[in-house]
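S.K.: let me see the structure of the following:
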Amino acid sequence: MPKFLTPEWIAEYAQYWNSHEPLKRDLKNFSAKIKYYIEGEDQPPVFIHVEGGEVTNCGIANGEKYDFEMWATPDDWKTIVSGEMGPKAAMLTKKLKFKGSMITAMKYMGPFQESLTLMGRVPTEW
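M.R.: Model prediction:
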């Protein structure tokens, strides 16, 4: 079982994403590079590249530009991916920090929430 937000974990997450037909369908007009990391940890950030709703690449994030970035403390990530707190509430309370187009995020809030819920389905070592 991979540790949360490691390259091994993000690869498994990409597989879950790509096998989740409703998410891919709802994001068929969405393409972006999304970077995730854990606040206060020296673990390298990871990313997914979504094209037409499907993850086409993932791994360790480097210095390139990302359309969206999301980060939180380990405890806040657990609360968010478990579904205890939705993404809107998490962003409003600053438990989930977010960088990127808020207009695009709001347009895709349903799929965005589903993508975070999907994170909770990946077998994870915390």
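S.K.: which stretches of the chain have low pLDDT?
M.R.: Per-residue confidence for the chain (pLDDT under 70) gives no ranges below the cut-off.
S.K.: in stretch 108-126, what's buried?
M.R.: In terms of neighbour count (16 or more other CB atoms under 10 Å), stretch 108-126 has its buried residues at 108, 111-119, 122, 124. To be clear about C-beta, it is placed using only N, CA and C from the backbone, and glycine gets the same treatment.
S.K.: an error on my part: the question was meant for stretch 51-66.
M.R.: Counting neighbours by 16+ other CB under 10 Å, the buried set in stretch 51-66 is 53-55, 58, 61, 66.
S.K.: report the two of the buried residues of stretch 108-126 separated the most.
M.R.: By the measure CB to CB, 108 and 124 form the most distant pair in those, at 23.9 Å.
S.K.: okay, and which of the buried residues of stretch 51-66 map to helices?
M.R.: Restricting the buried residues of stretch 51-66 to those inside helices, with DSSP state H as the criterion, leaves an empty set.
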